[in-house]
Structures are given as C-alpha cells and as structure tokens.
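Colleague: Need the 3D shape of this:
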Amino acid sequence: MPTILITGCSSGFGLETAKLFLERGWDVIATMRNPDPDLLPLSERLRVLSLDVTDPASIAQAVAAAGRIDVLVNNAGFGAPSPIELTAPETVRSLFETNTIGTLSMVQAVLPQMRRRRAGVVINVTSTVTVKTLPVIGVYRASKAAVNALTESLAVEMEPFGVRVHIVLPGRSPTTRFGQNARPHFRGLDDADYAPMLQQFINSVQDDTGPVTHASDVAEAIWHAATDPSAPLRIPAGADAELWMSEAAL
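Modeller: Numbering: from 1, shown residues only. Sure, this is the predicted structure:
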C-alpha cells in the first residue's frame, strides 16, 4: 500500500487525516513535535514519529526514518491573531519559520526521492484567508499566501517529473484547536483602538453557526488530492471554504 507522511498530527486536521488514511488501508506516518501514539488507533500500518518542522536535524531524522514516502502532507502550522502594527517581530519570525519555511524544508527533504521515482504527491494545507481579506491575521495570512505561491510554482516544476502538487484550503473551523493554540499570541485586547476589532475576530472564530469547516472536510480534501490524478491544484475544504473560493473567482 502507499505511504503517506503527515505533519502536525497531534490534533485537528492532521489527526483526522491520519485516521482517515488508516481506515482506508494506507500506511501512515503521523508526525508530531511530541509524539503521542495513544491519539491514534493501534495499527501495524501506523508509525508515529517525532518531527519539528523548524529544526533541520529533526526533519532529516524523520525523513530518513520514514523511508519511502508516496504522499507528503504539510499540515503543521499555527496562527497568531494580532493587528499588524502590534505583532511582535519574534511572532512574525515564528509564523514564517513554521508555516512557510517549515513547509518548504519538508518539501526539499522529500522531493528528491519522489523525483527519482518519477512519482509522488505533495499536498500543502494553507487557508482560505489567503483569498479573503480579514483583519488581525495579516501576518498569518501572509505566511500561508507565501506557501500558495511556492506551491503554484512547484506544481509547474514537478510536472515533468510525474510528481503532483496540490493546495488544500480549509475555511473557518471552530471545532479544532486553532483558536486555542493561537490565544497565547493575541495582541491588542488591551488596546482601546484595536480591542473591538480583535474581539469581533475572536467571536467569529468561535461561532459555529452557518457554513464552517470540519476536520473531516479537510481529511476528505486531502484524500481527493492524494488519490485522484485529475484533482485541481487548489482544493477548498469545507462549506465556507467552497463559498469563499467561488466568491474569489468572480
């Protein structure tokens, strides 16, 4: 069976994707900064590896331990809601180190084996905020938009070598830990000018009414990208993501 390596499997989209591919008979390499095998069902087709996408040595070790990788899913990332004016330089660096450079580093580590085989699939998970302008997530949006641009060029570069490349773009997902993980990075709640704007954003993230994205939507979009050679470059994941993408195309 094919082997898929997924980054950021400790929760949310990555965890759901690992479960889906296991259920459908694939060999799964689920990677996390702090491995916890108990998060996933016991299976001889599952390996849980330690991986920090901001650490070159960790990447090299994980890719070497993984062996053959037929599908790479770059899902690891985090958000940091903050007005651009108030975003700390260290937060900017951390966002780009994880979301952008981490993705690029994983691609560079895995592509050589795919190119040699003239086969493979690279799937980068970004966000529909890259196609819709929103306040207080400008730096996060920029880090993901950079991945979109890299992926678009990568798709052209890899086409002669038989390696498919896709972008999965989730929408708003109140049920994942994205908001919880982002909370330590909030800036502006104590600022009289920015507090209403930031509070409105927090409320919108927590609002589970109307169209939203579920982790299962993202897992299914990744499955589509991994298994369907006719899948498009950009794949929305979630009812709201499909709506935003259709509006952006107008």
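
Colleague: Give me the contact list for stretch 30-41.
Modeller: 5-11, 14-15, 18-19, 22, 28, 46-52, 62, 76 (CB atoms under 8 Å, 6 or more residues apart in numbering). Using the backbone N, CA and C atoms, a C-beta is placed for each residue, glycine as well.

Colleague: Flag every buried residue along it.
Modeller: For stretch 30-41, the neighbour count (16 or more other CB atoms under 10 Å) marks Ala30, Thr31, Met32, Arg33, Pro35, Leu39, Leu40 as buried.

Colleague: for the second one, helix, strand, or coil?
Modeller: The three-state label given to Thr31 by DSSP: H, G, I helix; E, B strand; the rest coil is strand.

Colleague: Next: the fifth one.
Modeller: Three-state call for Pro35 (three-state DSSP): coil.

Colleague: Next one: Ser82 from Arg118, what distance?
Modeller: According to CB to CB, to the nearest Å, Ser82 stands 44 Å off from Arg118.

Colleague: And those two? Which one has more around it.
Modeller: The neighbour comparison of Ser82 against Arg118 (other CB atoms under 10 Å) goes to Ser82, with 26 against 10.

Colleague: Of the contacts of stretch 30-41, just the buried ones, ChimeraX syntax please.
Modeller: To isolate the buried members of the contacts of stretch 30-41 in ChimeraX, using 16+ other CB under 10 Å:
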select :5,6,7,8,9,10,11,14,15,18,19,22,28,46,47,48,49,51,52,62,76
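
Colleague: Of the contacts of stretch 30-41, which belong to helices?
Modeller: With helices taken from DSSP state H, the overlap with the contacts of stretch 30-41 comprises Gly14, Leu15, Ala18, Lys19, Leu22, Ala62.

Colleague: Which of those lies at the shortest distance from Asp190?
Modeller: Gly14 (32.8 Å; CB to CB).

Colleague: max-length strand in this structure?
Modeller: Determined from DSSP state E, the single longest strand within the chain is strand 163-170.

Colleague: Can you tell me which helices and strands it packs against?
Modeller: helix 102-117, strand 120-125, helix 138-158, helix 215-227, strand 234-237, helix 239-249 (3 or more CB pairs under 8 Å, 6 or more residues apart in numbering; DSSP states H and E).

Colleague: The second one pairs with which strands, parallel or anti?
Modeller: When sheet partners are counted by DSSP bridges, strand 120-125 sits next to strand 71-74 (parallel), strand 163-170 (parallel).

Colleague: Now do that strand: everything it contacts.
Modeller: For strand 120-125, using CB under 8 Å, 6+ apart, the contacting residues are 13, 69-75, 77, 103, 107, 110-111, 113-114, 147, 150-151, 154, 158, 162-170, 218, 222, 225-226.

Colleague: Kindly recompute the last result at 6 Å.
Modeller: Residues from elsewhere that reach strand 120-125 (CB atoms under 6 Å, 6 or more residues apart in numbering): 71-75, 103, 114, 147, 151, 163-168, 222, 225-226.

Colleague: hang on, the earlier thing: show me which pair in the ones in helices among the contacts of stretch 30-41 is furthest apart.
Modeller: Largest pairwise distance in the ones in helices among the contacts of stretch 30-41, by CB to CB, is 19.9 Å, between Lys19 and Ala62.

Colleague: Do you know the pLDDT at Thr128?
Modeller: In this model, Thr128 is scored at 96, pLDDT.
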